[in-house]
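Enquirer: sequence and predicted structure, then a few things I'm wondering about:
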Amino acid sequence: MKKFLAILLFVFLLGFLAACGGEDNEESQKDSDSNEENTEESSEGSAEGGEWTPEQNIEMVAPAGAGGGWDTTARMAAKVLNEEGIIEESIGVVNKEGAGGAIGWSYIANQEGDPHSLFVSSSPILLVPLSGQSDHGHEDFTPIANVIADYGAFAVREDAEWENLSELFEQMKEDPSSVTVVGTSSPGSMDHIQFVRFAKAAGVDITKIKYVSAPDAGGITQVLNGSADVFSTGVGEVVEQARAGEIRVLAVTSEERLEGETLSEFPTAKEQGIDEKFINWRGFFGPAGMTDEQVAYYEQKFKELSESDAFAEIRTNYGWNEMYMGSEEYKNFLDEEKENLKGLLEELDLLNE
Amino acid sequence: MGALEGIATGFQVALSLEGIMFVLIGVFVGTFIGMLPGLGPISAIAIMIPITYGMDPTMALVMMAGVYYGAVFGGSTSSILLNAPGISGTVASAFDGYPMAQQGKAGKALAIAAISSFVGGTISVVLLMIFAPMLASVAISFGPPAYFALMLLGLSAIASLSEGSTIKAMISAVVGFMIATIGIDPQTGTARFNFGSANLLDGIDFLVIALGLFAIAEVCYLIMNRAKKSVGSAKEIGSLRLSKDDMKEMSGPVGRQSFLGFILGILPGAGATIASFISYITEKKIAKNPDEFGKGSVKGLAAPEASNNAATSGAFVPLLSLGIPGSGTTAVMLGAFLVLGLQPGPMMMTDRPEVFWGIIASMYIGNIFLLILNLPLIPYIARLLTIPRPMLISLVIMFSFIGVYAISFSVFDLYLLLAFGVLGLLMRMFAFPAPPFILAFILGGMMEQSFRQSMTISGGNISIFFQNNISLVLIILSVLSFIFPIIKTIRTKKKEA
């Protein structure tokens, strides 16, 4: 019996070890709860001094499961911020997964005024509330800094009849439903909207576009086997296939050509006469009610992060682009972008605020 | 570089001291993570990513791959002993594994699972080595109509998954279907049946349902029937030894399902879970005594175990040769490749042969390690069953709750777990079989999506399913598989009359 109990204990410990990432974070979360009173006191104190520094460990929420873009950004940023000594206090990454981000956002919305709780987000924080699936949008939080930009791409099979985006749109102007577009996410989300945005700029009737949503890497598969015609996705998803000559990238959504081998060969839509752009920005937010000093502190730290060599290396590995925006600029950018997206969704009859 | 030369390079990498060490760490961690209900390879690998940053990429990936197939290997243990599936790929292993353990043959059940897993894993790695580049085209040949037909074929077997009333099996399946529609519909972006709750927007996680319907329901059943000595009191572990007859009985299903599992694993989206179910059904269909299934059949345990491990290697085909992740776990692994500065895709085999072949060769060695690691441990692990029942029941409940919470960190899911536990208990009391429910849930979601994708593509024309060769063949097979059992029953009835 003793022997058995020992084994059981061992299995048990291993289990916790395996979950240690999560467990640690849970602890730091408890810390932040119990220290809330302290925080309030000290933030008053520091407001007088004009400068603010964190008093306890920082919780960084990825409003998604482990392994996705938000999670990776959060984990890599936390790692560099701590390892390079940019922020001394330890940063724990917590996954609050679910409902395309809405679960995580509502969690942060409950931490109002707590300057030790940050989270990472990108375009969905604008799109998800617009489609009525989140009660919280970017207006309910404090934008701190944007750090990364990703771009989208439109790709077809290498033997497709369209040589470039203009040709594709010419045909779609005649008959919008002759082309099937495939993306990884549902209508009204990024993959769909970025295509619609360019199609609209080219004069296509966007209400008649056939769009299929294929999760789990189904998008690239469907283009390769000819089930769908155009793959609308992030540029990182198509580089390898393009390099191997399996697919042709009709256009990327950036204003200027991207840097890097293969990447620089992809034409922009702009050089084909379609004056539109789509940036999948990614940055950090805090809860509502942060003081100016607190925002200034984090703004500075994320700037250091963005400029560090360690983070530059991570950007290269993931194919992310540098795009720093401070709090004020970020907020204006988000407001403007949201108006634009709102118009598109309204036209598609997908608006459900 | 030719394939032979590549394989040689691969073994050089995998058999180096470092390689052996990381394979060992990977499979060891994987086995234990797999055993714990809820904790799966996805979270384990995601947590490893920042740790491995800066490590030699080949070694890091060898280790992560070890965690993946190790978890599938180890996941069967809790399915067999506790009826609490360790990971979703081992749900089907509980169908016959748990009854076998309850009959006092836990040792034998674990041995069958370990050997079937080993053979399935090894055969599939050999297939992966030889055919990886060629099979890449299979992975992408399935369009939405073909997926729909494949799911249809899986579902056509619902009737055969049931014992007793076919009507009850159908009702059970329809409820499973209905549950699968909860959440945001990918084709329109609209939320369905979430009753305004954000908690249901993503639908219900498969493991919540599996642990509820199996583990929690079983525990409740044990408590309700505690007066009866015979229920759930397997004090005997039994011998580990497999008789010659057992080996003979296993060899057919293991051989066949290693191949089928591998092929299903290659298809993006299908994966180990669907493979294990389809293998279980196929074996039941072709068995001489299908009645034994569900009551502790050797074949019924060996088939899903060989298949889910084979599917794991299969999932590496699209990842390594195309850069297309076919499952949640391989998607996270793709992320790991990127962090380590590698880009899996059609060019990887020529650009970085040592990584490509190193991972494949390490899987071969990893499977041997898993067998050596697991077989001697069986007597100790199986003693779990000798714990007094009240303690065992508490342990199962605790592990199930921890497991579910570890998936989503959501308390709401714990209530769902309880709800499905109650549902499972009611189903059991009124003799509604749970397997058709589970099967309809996993196949139903994918079937609906591929049907609607096909409809969008064809502009609503149903003939799209008959224009494609793959889907045409699969649809004919489904119709046959649906009609045959009915004809069979009519014939036997006539004979009886």
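Expert: Received the coordinates, thanks.
Enquirer: what is the neighbour count of residue A:293?
Expert: 16 (other CB atoms under 10 Å in any protein chain shown). To be clear about C-beta, it is placed using only N, CA and C from the backbone, and glycine gets the same treatment.
Enquirer: chain neighbours aside, what residue packs nearest to it?
Expert: residue A:52 (3.9 Å; CB to CB, 6 or more residues apart in numbering or on different chains).
Enquirer: any idea how far the one you found is from residue A:109?
Expert: 22 Å (CB to CB, to the nearest Å).
Enquirer: the two: which is more packed in?
Expert: residue A:52 (21 against 15).
Enquirer: residue ranges with poor pLDDT in chain A?
Expert: A:1-50, A:67, A:216 (pLDDT under 70).
Enquirer: could you do the stretch 101-250 of chain B as well?
Expert: For the stretch 101-250 of chain B (pLDDT under 70), the answer is B:159-164, B:228-236.
Enquirer: need the strands for it, in chain order.
Expert: B:183-184, B:191-192 (DSSP state E, counting those that start in this stretch).
Enquirer: centroid-nearest residue for chain A?
Expert: For chain A, the residue nearest the mean C-alpha position is residue A:122 (3.4 Å; CA atoms, centre = their mean).
Enquirer: still on that earlier bit, pick the most buried one from the strands of the stretch 101-250 of chain B.
Expert: strand B:183-184 (a mean of 20; mean count of other CB atoms under 10 Å in any protein chain shown).
Enquirer: list the helices and strands that strand packs on?
Expert: strand B:191-192 (3 or more CB pairs under 8 Å, 6 or more residues apart in numbering or on different chains; DSSP states H and E).
Enquirer: what is the strand it packs on packed up against?
Expert: Strand B:191-192 packs on strand B:183-184, going by 3+ CB pairs under 8 Å, 6+ apart.
Enquirer: who's in contact with the strand it packs on?
Expert: If you take CB atoms under 8 Å, 6 or more residues apart in numbering or on different chains as the criterion, strand B:183-184 is touched by A:99-100, A:133, A:186, B:190-194, B:200-204.
Enquirer: please verify my assumption that the residue nearest to residue A:293 contacts residue A:291.
Expert: Yes. In this structure, residue A:52 is within contact of residue A:291 by CB atoms under 8 Å, at 6.9 Å.
Enquirer: C-terminal to whichever strand in chain A runs longest, what's the next element?
Expert: As assigned by DSSP state E, the longest strand anywhere in chain A is strand A:141-157. Using DSSP states H and E, the helix or strand that directly follows strand A:141-157 along the chain is helix A:165-174.
Enquirer: who's in contact with that following helix?
Expert: Outside helix A:165-174, the residues that reach it (CB under 8 Å, 6+ apart) are A:154, A:156, A:161-162, A:178-179, A:198-199, A:202-205, A:209, A:230, A:250-251, A:267, A:269, A:272-274.
Enquirer: can you select the buried ones from the residues you listed in ChimeraX?
Expert: This is how ChimeraX selects the buried members of the contacts of helix A:165-174, with burial counted by 16 or more other CB atoms under 10 Å in any protein chain shown:
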select /A:154,156,162,179,198,199,202,204,209,230,250,251,269,272,274
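Enquirer: so which of the contacts of helix A:165-174 belong to strands?
Expert: A:154, A:156, A:230, A:250-251.
Enquirer: nearest to residue B:214, out of these: which one, please.
Expert: The shortest gap between residue B:214 and any of the ones in strands among the contacts of helix A:165-174 belongs to residue A:230, at 43.3 Å (CB to CB).
Enquirer: these two touch, right, the closest one and residue A:223?
Expert: Yes. The pair residue A:230 / residue A:223 is scored as a contact, 7.2 Å apart, by CB under 8 Å.
Enquirer: so what sits against both of these two?
Expert: A:155-156, A:182.
Enquirer: what number of residues lie near the residue in the stretch 301-450 of chain B that chain A sits nearest to?
Expert: Using CB to the nearest CB, the single residue of the stretch 301-450 of chain B nearest to chain A is residue B:345, 2.9 Å away. For residue B:345, the neighbour count with other CB under 10 Å is 23.
Enquirer: residues touching the residue lying closest to it once chain neighbours are set aside, list them.
Expert: Spatial nearest neighbour of residue B:345, chain neighbours left out: residue A:240 (2.9 Å); criterion: CB to CB, 6+ apart. If you count contacts by CB under 8 Å, 6+ apart, residue A:240 has them with B:323, B:343-347.
Enquirer: please, which helix or strand holds residue A:240?
Expert: Counting by DSSP H and E, residue A:240 is part of helix A:239-243.
Enquirer: distance of residue B:28 from chain A?
Expert: According to CB to the nearest CB, to the nearest Å, residue B:28 and chain A sit 9 Å apart.
Enquirer: which residues of chain A fall in strands?
Expert: Under DSSP E, chain A gives strands at A:58-62, A:91-95, A:117-122, A:141-157, A:180-183, A:210-213, A:230-234, A:247-252, A:279-287, A:321-325.
Enquirer: quick one: which of these is nearest residue B:405?
Expert: Closest to residue B:405 of those is strand A:91-95 (CB to CB; 12.2 Å).
Enquirer: anything in the closest one near chain B?
Expert: Yes. Shown here: strand A:91-95 in contact with chain B (CB under 8 Å from any CB of the partner chain) through A:94-95.
Enquirer: neighbouring strands - and their directions - for that strand?
Expert: Here strand A:91-95 is paired, per DSSP bridges, with strand A:58-62 (parallel).
Enquirer: so the partner strand versus strand A:279-287, what angle?
Expert: Angle of strand A:58-62 versus strand A:279-287, following axes from the mean of the first three to the mean of the last three CA atoms, to 10 degrees, is 140 degrees.
Enquirer: before we move on, the earlier item: possible to save the shared contacts of residue A:230 and residue A:223 as JSON lines with distance to residue B:396?
Expert: Shown next, in JSON lines, are these (distance: CB to CB, whole Å):
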{"residue": "A:155", "distance to residue B:396": "49"}
{"residue": "A:156", "distance to residue B:396": "52"}
{"residue": "A:182", "distance to residue B:396": "43"}
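Enquirer: make JSON lines out of these and add distance to chain B.
Expert: Putting those into JSON lines (distance: CB to the nearest CB, whole Å) gives the following:
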{"residue": "A:155", "distance to chain B": "13"}
{"residue": "A:156", "distance to chain B": "15"}
{"residue": "A:182", "distance to chain B": "8"}
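Enquirer: now, which of the residues you listed sits nearest residue A:301?
Expert: residue A:155 (37.3 Å).
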